[in-house]
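Peer 1: Sequence first, then the predicted structure:
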Amino acid sequence: MDARGYRRYWDEERETRDPARRDVLILERIQHQLHYAYERLPFYRRHYDTAGFHPDQVQSLADFTAKVPIITKKMLVEDQRDNPLFGTYQGDVADDDVARIQGSSGTSGIPTFYRVSRRDWERAADVHAMAQWAAGLRPCDIAQISFPFSLFFGGWGVIQGAERVGASVFPLGPIESDRQLELMFKLGATCFSATPSYCLHLIGVAEQLGLDLASGPVQRLLVGGEPGGSVPATVARITEAWGASVHDAGSTSEMYPFQTNITTEALNGVMLFTDEVYTEIVHRDDPHQPLPDGERGAIVYTHLWRDSQPMIRFWPGDETYMTHEPSSCGRTYPRLPEGIVGRLDDMLIIRGANVYPSNIEAGLRSTDGLGAEFTITVERRGVLDEMTVQAELSPETAAELATLSADDAQARRAAIRAEAERQLKAQTQIRVPVELLEPGALPETVFKARRVIDLRGEAT
């Protein structure tokens, strides 16, 4: 039993299963899904025939990585464009068995639609519940959800899991920030779900309203939608300001409604439910080359149980690394020690250094005096790419500067800027100039943060 008198695990036998036994079950499900896709879904048959692959070739998990071709968002968009509305991978699901129709925009802005069968939706609810139970959500909690409820899966999975757990669900969505906080305190919400950026933004809003988040009702934050939930400096700042534990959930819209991972009560990494969504880490330039624990590479996902529009070896373009070291929480699933590190296509090469937005975020979050919002601008000057960062001061720091003399305020700003640049150099190994802005100068982040402005394709 836990400290609140509830059982420790949602499904103890499953969550603590011997990994070797789990791998046997995973292989069985992989073989089932491959045959189902090849025999019933024209998209996969064409794709596999073109690659010279047949499901009978997979006799081990190593075979699966080495022989099965990946699929990408671009392929799904093209298939739905040529075969509207759901493509030829929609699954052998009758119209009267469709529980939900949702979608994903991705970077192209073209919606990709998904039909989810009742069986798949019900199973997803239980998996979401298992994830949220691992993060400490219990029936006695009140879960306030600020993710939007729209075409995109967004907060729907959070609702699914919280309802299945038995918690009281307050699906507020993206309303005005001051109202968000007012209702949070009024209702006594013990769990809050949002992007890490929005949690940081609310810190500044709370300061302006005179609210002390650390003494407020929220005890745990379920964050997702962007990498910040596993950036140590970001987690530390949120934890200190909110007085609550931070639990990072991660996946990609194409893999929903299964929430494949979430930090556990042990807070020692993002856990992968590999018997629900099998997860591989492969070389960024070769999806058939597996990487050992601890080595960064591309993540690849596979639905093991889903009948409606199953994704088999889906490549979302995200980078991370994995470990199979035992977790102190007792669960035997592998973990992502730092969650999703970033997107492969977000990596910026600046003067020979590989820089991710998460590197910049880590440096800024380690700098006292800065607020939640920042932007990264990349431009070409002559033959070299150069990066600059704009970062807002925190409302508290801005108020402090207003009480100082002009010279003292200037010196204080210079010290903050110098510390930010020092932290960024430690993270990136290059000098990154920082410009300090007043609070509110940058657009408020409510959902996913858009941090990078790339001007290299424009004339200078």
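Peer 2: On my side now, so go ahead. Numbers count the residues shown, from 1 in each chain.

Peer 1: Just the helices from this structure, written as ranges.
Peer 2: 12-15, 19-40, 42-51, 61-67, 73-82, 118-134, 156-165, 177-187, 196-209, 232-242, 357-365, 395-402, 406-428 (DSSP state H).

Peer 1: Which one of those helices lies nearest to M311?
Peer 2: helix 73-82 (8.5 Å; C-beta to C-beta). Quick note: C-beta positions are derived from backbone N, CA and C, even for glycine.

Peer 1: where does the stretch 351-460 of the chain dip in pLDDT?
Peer 2: Applying pLDDT under 70 to the stretch 351-460 of the chain flags the ranges 351-352, 382-384, 445-449, 457-460.

Peer 1: The same query, at a cut-off of 80, please.
Peer 2: 351-354, 356, 358, 380-385, 444-450, 456-460 (pLDDT under 80).

Peer 1: quick one on the thing from earlier: among the helices of the chain, which comes closest to A143?
Peer 2: helix 156-165 (4.3 Å).

Peer 1: how much does the closest one deviate in direction from helix 118-134?
Peer 2: 80 degrees (axes from the mean of the first three to the mean of the last three C-alpha atoms, to 10 degrees).

Peer 1: give the contact list for T239.
Peer 2: Residues in contact with T239 (C-beta atoms under 8 Å, 6 or more residues apart in numbering) are S245, V246.

Peer 1: Could you rerun that using 6 Å?
Peer 2: V246 (C-beta atoms under 6 Å, 6 or more residues apart in numbering).

Peer 1: How about E15?
Peer 2: Taking C-beta under 6 Å, 6+ apart as the test, what E15 contacts is Y9, R331.

Peer 1: Grab the longest strand from the protein for me.
Peer 2: When the chain is scanned for its longest strand (criterion: DSSP state E), the result is strand 370-381.

Peer 1: end to end, how far does stretch 127-142 reach?
Peer 2: Distance between the boundary residues of stretch 127-142 (C-alpha to C-alpha, to the nearest Å) amounts to 19 Å.

Peer 1: Check stretch 343-362 too.
Peer 2: 16 Å.

Peer 1: R14 and F273, how far apart?
Peer 2: 9 Å (C-beta to C-beta, to the nearest Å).

Peer 1: Counting neighbours, go ahead and name the busier of those two.
Peer 2: Remark: of R14 and F273, F273 carries more neighbours, 23 against 17, as counted by other C-beta atoms under 10 Å.

Peer 1: Specify the angle between the longest strand of the chain and helix 395-402 in degrees.
Peer 2: For strand 370-381 against helix 395-402, the angle by the same axes, to 10 degrees is 90 degrees.

Peer 1: what comes into contact with strand 370-381?
Peer 2: By C-beta under 6 Å, 6+ apart, strand 370-381 touches 200-201, 204, 348, 360, 364, 386-394, 439, 442, 451-456.

Peer 1: now these: which count as buried?
Peer 2: 200-201, 204, 348, 360, 364, 386-387, 389-394, 439, 442, 451 (16 or more other C-beta atoms under 10 Å).

Peer 1: What pLDDT is listed against the residue lying closest to Q144 once chain neighbours are set aside?
Peer 2: Spatially, and ignoring its direct neighbours in sequence, Q144 is nearest to A189 (3.8 Å; C-beta to C-beta, 6 or more residues apart in numbering). With respect to pLDDT, A189 has a value of 98.

Peer 1: Good, wrapping up.
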